[in-house]
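Chemist: I would like to see how this sequence folds:
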Amino acid sequence: MVVSSPNDQWVIGRDGKITHLGMRDQICERGMVHTATLKGEKTSPDFLNYITETSMKIVNNMAEFGYRGVVGIDYIVSDEGIFPVENNARFNGSSYVSMIVDNIEKLTSPIPYWKFIKIKTSPCSFLALTERIKPVLYDGNKLNSVFPFNCDALPETGNFAVILLARNSDQILYLKESLKEMGVKRD
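Modeler: Below you'll find the predicted structure:
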C-alpha cells in the first residue's frame, strides 16, 4: 500500500551547480492521479535522508551527462520501502507554485504550510471570483488566505487553481471548508 508520494525538486544551473529546491508531498487519488501538492508536513528523518541521497545520485548523474534545468523526482513510500518512480526533467506543476510562494515570502514572512489544488466554481470573471472569496482572499499581507492563479478558463469552465497559504494544517482544512461554503471546491 502506498503511504505517500513525495516530490523532490532540484535545479542544475547552466554552470552545473546543483541546488535543492525542497521536497513536497503530492496528494494522489485513484492510484497515482495527482490532485494536490502540500508543503509543511514533516517527513521522518530516515525517509528524508534516503530520498535526498537517492535524488543526489540521480541529479549528479544527470549533471554529468549535461542536463541543465529543473528536476522533480517522484517517489512512493509504501509498506515495502521507498522507491523513485518518475524523473520529471522539466518544470513540475508545483515548481510554479513554489516560485509564487517564494515571492510572497520575500514580501511578507515565511509560510509554514501551503497547499496547491486545482479547483472549480461556477463560470465567472476573475473580479466576481475575488468578490466571492473576499473573506479568505490573499491581500498582500495575511497568512491563512487563498491565492488564486491560472484563471484563464474561469469565465468558460469555472476551473482555476489556488494556493492555500497557512500557519498550520488546521488552517489548510479551514480554508478548504471556507471555499466550499463559498461555492468553490474540487469536483
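
Chemist: And the helix ranked longest in the chain, what's buried?
Modeler: When every helix of the chain is counted residue by residue (DSSP state H), the longest turns out to be helix 45-64. If you call a residue buried by 16 or more other C-beta atoms under 10 Å, then helix 45-64 has these buried ones: 47, 51, 54-55, 58-59, 62-63. The way it works is simple: take the backbone N, C-alpha and C, and place the C-beta from them, glycine included.

Chemist: okay, those residues in TSV with pLDDT and distance to Asp139 next?
Modeler: TSV is the format used below for these (pLDDT from 0 to 100; distance: C-beta to C-beta, whole Å):
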residue	pLDDT	distance to Asp139
Phe47	80	36
Ile51	91	36
Thr54	95	41
Ser55	96	36
Ile58	97	40
Val59	96	38
Met62	96	41
Ala63	96	41
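
Chemist: low pLDDT regions in this protein?
Modeler: 1-3, 27-38, 40-43, 187 (pLDDT under 70).

Chemist: And the closest residue to Asn60 other than its chain neighbours, how far from Ala63?
Modeler: Using C-beta to C-beta, 6 or more residues apart in numbering and skipping the chain neighbours, the partner closest in space to Asn60 is Ile18 (7.0 Å). The gap separating Ile18 from Ala63 is 6 Å, by C-beta to C-beta, to the nearest Å.

Chemist: any shared contact partners between those two?
Modeler: Shared contacts of Ile18 and Ala63 (C-beta atoms under 8 Å, 6 or more residues apart in numbering): Ile12.

Chemist: check contacts around Arg132.
Modeler: Neighbour list for Arg132: 121, 124, 182-184 [criterion: C-beta under 8 Å, 6+ apart].

Chemist: Can you give me the buried ones in stretch 178-186?
Modeler: Those would be 178-179, 182, 184, for stretch 178-186 by 16+ other C-beta under 10 Å.

Chemist: Residues contacting it, please?
Modeler: If you take C-beta under 8 Å, 6+ apart as the criterion, stretch 178-186 is touched by 35, 117-122, 129, 132-133, 135-136, 146, 162, 176.

Chemist: again, but for stretch 44-56
Modeler: 6, 8, 10, 18, 20, 23, 43, 73, 75, 77, 82, 84.

Chemist: Can I have the buried ones of these as a PyMOL selection?
Modeler: The following PyMOL line selects those of the contacts of stretch 44-56 that are buried, judged by 16+ other C-beta under 10 Å:
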select buried, resi 6+8+10+23+73+75+77+82+84
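
Chemist: any idea which of the contacts of stretch 44-56 is closest to Ile104?
Modeler: Nearest to Ile104 among those, counting by C-beta to C-beta, is Met23 at 19.4 Å.
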